[in-house]
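structure of the sequence below:
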Amino acid sequence: RWIKFEEKVEDGGERWSAPHVPALPLHSLFQLRTCLQKGTMLLDLDAPSFKEIIDKALSGQPEEAELQPELRERLAALLLRQPRHQPTKSLLRLLAELGLSPCRGKHGAWPWLLHPKCQAAASLSFQLRNRFKKKVPLGAEAAHVAVGEVEFLEKPFTAFIRLRRGVALGSLAEVALPSRFLFILLGPRAKVKAYHEVGRAMATLLMDELFQRVARQAEHREDLIAGMEVFLDELTVLPPRKWDPSARIPPLSCLLSPHRRTTMHLLDQQSHSNGNMAAAGDRASLGHPCSREELERTGRLFGGLLRDIRRKAPWYGSDFSDALHPQCLSAVLYIYLATVTNAITFGGMLGDATANMQGVLESFLGTAFAGSIFCLFSGQPLTILSSTGPMLVFERLLFSFSQDHSLDYLEFRLWIGLWVAFFGVVLVATEASHLVRYFTRFTEEGFCALISLIFIYDSLKKMLSLADAFPINWQYRLDNVTSYSCVCNLSSPGNDTPLPSPLAPLQVQPLLPGGWARGWGGPEVSMHDPSLPPALSPQPPAAPAGLSRTQCLGRGGNLLGTSCQYVPDVTLVSFLLFGGTFLSCTALKRFRSSRYFPAGVRKLVSDFAIILAILASCAVDAALGLETPKLLVPSELKPTNPVRGWIVFPFGANPWWVCLVSVVPAVLVTILIFMDQQITAVILNRREYKLQKGAGFHLDLLCVSLLMVVTSATGLPWYVSATVISLAHMESLRKESATSAPGEHPEFLGIREQRLTGLAVFVLTGVSVFMAPVLKHIPMPVLYGVFLHMGVAALNSIQLTDRVRLLLMPAKHQPDLAYLRHVPLRRVHLFTIIQLLCLALLWVLKSTMAAIIFPVMV
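As a prediction, the model looks like this:
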């Protein structure tokens with residue numbers, strides 16, 4: 001059978017082979033051309049049943065090849081026999097049918113061994129119950145090829161039939177499909193192999209998209225022959241004894257479309273005279289970028305914004321209905337945990353930089369509010385808003401400047417935010433977003449690579465900092481266990497006796513008089529000296545009421561001993577959780593292309609890969625029971641710094657001229673936000689994501705600008721598009737074809753474009769304050785592992801990563817990439833090295849106070 005690729009019944013007759021590219025003998029194609037030239041040909045035959053089709057085919061023979069009535073009857077009886085199909089069933093299903101089939105005879109329940117009447121019923125029942133139909137593309141039709149040898153024929157009988165319309169021919173096909181083409185080749189004995197190869201050649205031709213068009217539109221025999229000549233023009237011949245003809249060539253993951261094949265064929269004909277056929281075809285496959293309609297200037301105030309609104313308004317209802325899919329639940333949980341971790345990280349750093357004028361709670365509330373509003377009204381709701389590194393640097397500089405000049409930080413910041421919002425509206429009105437069309441791949445890749453590397457670096461930095469909070473016990477030696485101790489010394493008047501403190505998990509006391517020792521929180525062990533008389537043998541002293549470390553310090557005591565600073569190897573376990581989460585995320589994401597389990601199971605596991613990895617790591621952490629650092633969120637709705645309130649007033653704390661001076665830093669912040677927002681928008685709206693609902697560059701910038709007013713007036717952080725988290729959001733919403741033909745890879749259909757996942761993420765972020773008892777069980781190393789996965793995934797999505805790999809590959813091992821065919825390798829390497837040097841410069845820049853201008857440098 002052929003559906004895109006060829007499948008054969010294995011020699012054992014119990015299963016289909018793996019799909020493979022058909023390899024045909026060249027002679028079989030020449031024989032097929034002869035059959036089409038001399039055999040019976042019926043085009044646009046109008047027949048409702050298979051019997052009528054056979055009768056007309058047998059009676060439509062040319063006079064010189066007309067069959068005798070007896071031969072026609074015998075051929076008709078042969079062709080009308082019930083066909084047999086190879087069952088595709090599980091072993092349990094086959095065993096059950098063998099034991100329970102009501103039609104089973106002495107041969108069992110195999111369809112081709114039954115009585116004819118029972119065989120017909122079994123074939124129809126098998127056809128209706130055959131789950132293989134879901135592999136057949138929608139709108140497909142069947143073509144039947146019948147070849148073989150018979151004793152009563154002296155010369156071959158050939159017929160090619162095309163029906164006027166698709167007709168259901170009972171159980172002739174393996175699945176219930178309308179039939180359009182039939183090819184029959186029967187002949188005398190001793191040539192069965194040749195007949196079989198001609199039949200394979202006919203089936204391969206009918207599976208070719210270009211020949212199908214010819215076969216459907218042909219009006220004469222010569223049209224089919226011409227279509228076959230075009231097929232032969234594209235044929236590639238392999239020399240004998242240079243390869244194994246029995247080897248099965250696996251299908252490629254990416255094939256030329258019929259349109260590109262036609263284009264290449266025309267270019268080959270046009271460029272044949274100058275010998276540039278291959279280069280012309282390759283250049284045609286590369287294509288040329290065209291300008292985006294969203295970035296065309298209208299020449300009117302707010303013209304681009306109005307066009308964005310008109311473009312997105314018809315999709316607004318579907319932006320919510322399209323989210324009703326299980327995949328969206330996985331995306332919500334994944335991006336929620338990433339957003340919460342990011343809010344805690346930036347909130348903590350903002351608190352350190354601004355004396356808690358903005359802290360973790362403000363970060364949570366700002367993320368929830370700004371993200372929700374953006375998802376409801378933006379042009380690209382798949383974007384995830386977040387605080388960014390340049391914003392953090394600006395906040396630190398602004399706070400230091402305010403402290404040095406005795407200015408109120410929040411009021412000064414309010415005026416800067418108001419001016420930024422004003423400048424943003426001016427940029428929207430003048431359609432400044434059209435400048436985005438001049439962003440090149442160099443700019444996009446440099447920005448995306450830098451943000452991805454920051455994610456990777458920060459996750460590793462956070463993990464390495466655990467060694468300071470939970471030091472590794474390098475000096476611990478098991479042989480010295482008897483010398484370790486820790487006691488609580490309560491330095492109170494009249495009581496200088498240190499009390500033993502049961503500090504778990506390690507508490508070893510020195511030997512007591514008479515040889516008694518206390519173990520590590522376990523039962524007392526006698527070390528009695530038998531040389532002493534029984535009367536003089538000391539009795540074990542009564543253990544005083546021990547105090548825990550917290551109780552000891554709470555009473556004003558201090559800890560004395562060599563094991564007081566001992567903690568379990570939390571750092572080691574944290575790194576295991578960190579690495580395990582990253583590897584689990586990566587492996588489960590790739591499980592979609594695994595060979596194990598049915599496609600539905602693989603897809604489900606891949607969609608929920610991040611959540612499954614987090615749950616598994618949390619289960620391991622809970623089983624170990626160590627005090628690894630956990631996710632802690634604020635539990636009270638009050639400002640981090642009690643000095644400030646929830647509303648910032650524009651006047652009263654600073655001189656009047658501050659509102660005018662604020663224009664200068666506002667210009668810098670406007671440039672930062674514009675570049676950061678629009679570069680991220682360009683990356684998210686790439687053509688390869690196949691977005692159907694269009695972008696909204698002007699509308700997105702307007703939403704970010706107006707949100708600046710609210711966040712500035714309430715003292716909340718400023719927000720802009722987060723590149724890595726937004727890319728992770730889009731990757732978690734990838735759509736692929738539910739079914740595919742055997743051997744065909746699932747087709748990428750685009751992104752599930754909707755507003756509900758982002759809205760749910762930010763609403764959950766806002767209510768996280770009330771979910772603190774649940775979230776506190778999630779270890780931070782697990783979330784850092786998710787961050788590492790997000791950074792690596794974003795880094796692998798850009799071409800720069802592939803070109804860096806080329807630097808490390810010998811030429812003979814380099815992949816066959818399109819740009820390597822037309823650009824000298826040394827120029828590719830030069831471009832990559834320049835890009836890496838610029839990336840290194842940006843990295844150095846972002847590590848200094850000049851980081852606020854790094855989007856301009858990009």
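
least confident secondary structure element in the protein?
helix 277-286 (a mean of 40; mean pLDDT, DSSP states H and E).

what mean pLDDT would you report for the helix or strand following that one?
Counting by DSSP states H and E, the element after helix 277-286 in chain order, helix or strand, is helix 303-312. Regarding helix 303-312, the rounded mean pLDDT is 88.

helices and strands around helix 303-312, which ones?
On a contact count with 3 or more Cβ pairs under 8 Å, 6 or more residues apart in numbering; DSSP states H and E, helix 303-312 meets helix 409-429, helix 697-713. Yep, even glycine has a C-beta here, placed from its N, CA and C like the rest.

quick one, domains of the chain?
Domain assignment for the chain, taken from the TED database, gives 25-81+130-234, 303-469+577-741+748-797, 798-857.

which of those is buried the deepest?
Neighbour counts (mean count of other Cβ atoms under 10 Å) averaged over each of these peak at domain 303-469+577-741+748-797, with a mean of 19.

now the end-to-end length of it.
34 Å (Cα to Cα, to the nearest Å).

I'd like the distance between residue 590 and residue 609.
In this structure, residue 590 and residue 609 are 9 Å apart, going by Cβ to Cβ, to the nearest Å.

returning to what we had before: now render the domains of the chain as a markdown table, adding distance to residue 296.
Listed next are these as a markdown table, based on distance: least, Cβ to Cβ, whole Å:
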| stretch | distance to residue 296 |
| --- | --- |
| domain 25-81+130-234 | 35 |
| domain 303-469+577-741+748-797 | 7 |
| domain 798-857 | 24 |
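
out of these, which is closest to residue 19?
In terms of Cβ to Cβ, the element of those nearest to residue 19 is domain 303-469+577-741+748-797, at 7.7 Å.

all helices for the stretch 401-550 of the chain, in order.
409-429, 441-464, 466-469, 549-554 (DSSP state H, counting those that start in this stretch).

mind listing the strands for the protein?
Counting by DSSP state E, the segments of the chain that form strands are 2-3, 5-6, 40-45, 142-149, 157-168, 178-187, 385-386, 487-489, 499-500, 558-560, 720-721, 734-736, 748-751.

so what does the fourth one touch, helix or strand wise?
Other elements packing on strand 142-149 under the criterion 3+ Cβ pairs under 8 Å, 6+ apart are strand 178-187, helix 192-206.

got any ranges where the stretch 701-850 of the chain has weak pLDDT?
Along the stretch 701-850 of the chain, the model assigns pLDDT under 70 to residues 738-744, 847-850.

ok so, going back, for residue 206, find the nearest of the helices of the stretch 401-550 of the chain.
Taking Cβ to Cβ, helix 441-464 is the member of the helices of the stretch 401-550 of the chain nearest to residue 206, at 41.8 Å.

list the contacts of the closest one.
345, 389, 574-575, 578, 679-680, 682-683, 723-724, 727, 780-781, 784-785, 787-788, 790-792, 794-795, 797-801, 835, 838-839, 842-843, 846, 854-855, 858 (Cβ atoms under 8 Å, 6 or more residues apart in numbering).

cutoff 6 Å now
578, 679, 682-683, 723-724, 784, 787-788, 790-791, 794-795, 798, 800, 838-839, 842, 858 (Cβ atoms under 6 Å, 6 or more residues apart in numbering).

ok, back up a step: export the helices and strands packed on strand 142-149 to a markdown table and tack on distance to residue 153 and mean pLDDT?
A markdown table is the format used below for the helices and strands packed on strand 142-149 (distance: least, Cβ to Cβ, whole Å; pLDDT from 0 to 100):
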| stretch | distance to residue 153 | mean pLDDT |
| --- | --- | --- |
| strand 178-187 | 6 | 89 |
| helix 192-206 | 11 | 87 |
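
could the ones you listed go into CSV alongside distance to residue 222?
As requested, the helices and strands packed on strand 142-149 are exported to CSV (distance: least, Cβ to Cβ, whole Å):
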stretch, distance to residue 222
strand 178-187, 18
helix 192-206, 16
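
do you know which of those lies nearest residue 134?
That would be strand 178-187 among the helices and strands packed on strand 142-149, by Cβ to Cβ, at 17.1 Å.

re the thing from before, out of the helices and strands packed on helix 303-312, which is closest to residue 374?
helix 697-713 (5.2 Å).
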